[in-house]
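Novice: please find the sequence and the predicted model below.
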Amino acid sequence: MRLLFLGTGAADWPNPGAHSNGGRRFSSMLLDDAILIDFNAMSMDAVREFNVDVNKITDIVISHPHGDHFDMKTIEELAMLRDASLPPLVVHVNTKAIERSQPSSEAATRLALVGYLPCDSFDCHGYAFESFAANHALEVPGELAAHLVATCPSGERLFYTLDGSWFPSRTWNQLRKAKPVDVVVWEMTCGTLYDWRVCEHCNLAMIACEAKFLATFGFLKPGILMLCSHIMRAACGDMDQMRKEVNEAGFIVAEDGMRFSTTA
Ligand SMILES: [Zn+2]
Ligand SMILES: [Zn+2]
């Protein structure tokens, strides 16, 4: 499994433009060069900065339709850059959000929008996705946020938790019985701070607690790679101290442009 972080910031970061320069764009990640998870208004600059081959991308999976995770105009821009002879770029997004997300007529033939709801499973050209309800409110009635598990063709499994606070009890019950995962991308919006935003996001103490329980039930493989993303600017005052505390807890702070690969 290969991961490239196109953005690792929460919604309070300014747009850095063409070069990230140590800042953070809104969260987006590329799996095995082919599957984008979340794609927002800052993501095209990251595609260019980190030399992503747009013709290898087959699917975009949107965890939830907040603006820092989903921007249809930017998805259209990506679709128009792909070779016109390729099959349409498939966008998996919350079923309710499709109503307000129709592409322009110019891009319509380059895109296929497929709705899903939390607890649905779906296929992304050989990558099997499962979705789980997240504890994260959306403003548009009926729209819902999901956590995602992707099983790669290699059999390796990725757990992607952006955005959500403590897992809802239904999700917890599903995860503790699920097959183990090899990599987790944790939402750590609040970093090491005890901030009011923990009502719908996480800090290090919360993900450490959740990871401990999930490991006890066998959902996290021993020696698992655990990466932290979606970090708010307000939590990034002393990055050396944050990285130290995060590392001591068994996690790694992801940065824009970081690549990770596992061996399978
Ligand atoms: Zn977010
Ligand atoms: Zn959100």
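Specialist: Ah, there it is. Residues are numbered from 1 along each chain as shown. Ligands and ions are numbered 1, 2, ... in the order given.

Novice: what are the contacting residues of stretch 17-24?
Specialist: 7-9, 13-14, 16, 45-46, 48-49, 231, 233, 236, 255-257 (C-beta atoms under 8 Å, 6 or more residues apart in numbering). Where you see a C-beta, it was placed from the backbone N, CA and C, and this is true even at glycine.

Novice: let's see that with 7 Å instead.
Specialist: 7-9, 13, 16, 45, 49, 231, 256-257 (C-beta atoms under 7 Å, 6 or more residues apart in numbering).

Novice: list the buried residues in that stretch.
Specialist: Using 16 or more other C-beta atoms under 10 Å as the test for burial, stretch 17-24 gives 20, 23-24.

Novice: the host helix or strand of residue 92 - contacts with which helices or strands?
Specialist: If you go by DSSP states H and E, residue 92 is part of strand 89-94. Counting contacts by 3 or more C-beta pairs under 7 Å, 6 or more residues apart in numbering; DSSP states H and E, strand 89-94 packs against strand 59-61, strand 111-116, strand 121-124.

Novice: residues in contact with residue 146?
Specialist: Per C-beta under 7 Å, 6+ apart, neighbours of residue 146: 63-64, 118, 131-134.

Novice: so which of those belong to strands?
Specialist: Per DSSP state E, strands hold the following members of the contacts of residue 146: 131-133.

Novice: mind listing residues that contact the helix or strand where residue 223 lies?
Specialist: If you go by DSSP H and E, residue 223 is part of strand 220-229. If you take C-beta under 7 Å, 6+ apart as the criterion, strand 220-229 is touched by 5, 8, 27, 162, 180-188, 211, 214, 246, 250-254, 260, 262.

Novice: let me know the closest of the contacts of residue 146 to ligand 2.
Specialist: residue 64 (5.6 Å; C-beta to the ion).

Novice: wait, that closest one sits on residue 145?
Specialist: Yes: between residue 64 and residue 145 there is a contact under C-beta atoms under 7 Å: 3.4 Å.
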